[in-house]
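In: need coordinates for the below:
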Amino acid sequence: MKALRLTIAVLSMLAAFAPAQDNGVPAGGKWTKSEMEEKMTGLKRVKFDLPADNYLPDSEARPEVMIFCVGGKLKLADFHPHLKMAGPNRASFWGRPQMHVIVRIDNHHDTKNWNWVNGDFLAMDEDTTRKLIGAQIFKVEFGSGEGPQIAEFTPAGLNLSMVRQACGLRPEKP
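Out: Got it, this is the predicted structure:
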C-alpha cells in the first residue's frame, strides 16, 4: 500500500510539472529550473533538471536527473534512463523493489540501492543528491535489457544558492 501511495505521489508530481517543462530557465551549467505554484496551497514547486552528456543505445532521449522540491524542501530526486531497465534486483527492508547501481561522484565510487518506480525510473537517495549538486562529474551504472549501461553527467555550474533557496539543500563532499 505504501508503494502504491509513493507511486501516486511521484506520478502526480511529474504530472504537475509537465506543463512547466517547456518553461525551464537556466540554473547554471547544464541545469534548468522550472517553477510553479500549487493553486490550492500556494506552495512553490521547483524542478531542477540535468540531461546526461551521452545517449544510451536504443534510446531516443538522453538520461536525466530530476530534483523536485516543494515548499522549500527536497521532495524527490530521480534518475530517468529513458530506456528499458532490467528488472529490480533486490528488495528494500520494507519490501520495495530496488535496483543496485554504482555511482561515481568526482573521484569517489559508491554502490547504492535505489527504489524502482514502475519500471520507468529510479528514486535517488538524499545523500547522493547532496553530493551530486556540488560535483564536477556524476556517472550512474545500472542494469538494462542490453546489460550494464553508464549514464554520464556534468553537474558542475549549478547555482547552489538557487538550490538552497528552493530545496534547503547544501552540497556535500563525496
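
In: what packs against the strand or helix carrying residue 116?
Out: For residue 116, the host element (DSSP states H and E) is strand 108-117. If you count contacts as 3 or more Cβ pairs under 8 Å, 6 or more residues apart in numbering; DSSP states H and E, strand 108-117 packs onto helix 2-17, strand 97-105, strand 121-123, helix 126-133. To be clear about C-beta, it is placed using only N, CA and C from the backbone, and glycine gets the same treatment.

In: what's the angle from that strand to strand 97-105?
Out: 150 degrees (axes from the mean of the first three to the mean of the last three Cα atoms, to 10 degrees).

In: contact partners of stretch 167-174?
Out: Here stretch 167-174 makes contact (Cβ atoms under 8 Å, 6 or more residues apart in numbering) with 46, 48, 67, 69, 72-74, 105-108, 110, 127, 129-131, 133-135, 160, 163-164.

In: outside of the helix or strand where residue 68 lies, which residues touch it?
Out: In the assignment (DSSP H and E), residue 68 maps to strand 64-70. Residues outside strand 64-70 that contact it (Cβ under 8 Å, 6+ apart): 13, 17, 38, 43-52, 74-80, 82, 124, 129, 132-133, 138, 153, 155, 163, 166-169.

In: so what does residue 162 have for phi and psi?
Out: The phi/psi pair for residue 162 (degrees, to the nearest 10) reads phi -60, psi -40.

In: can you pull the contacts of the residue nearest to it when sequence neighbours are not counted?
Out: The shortest distance from residue 162 to any non-neighbouring residue, by Cβ to Cβ, 6 or more residues apart in numbering, is to residue 27 (5.6 Å). Contacts of residue 27 were listed using Cβ under 8 Å, 6+ apart, and they are 33, 48, 158-159, 162-163.
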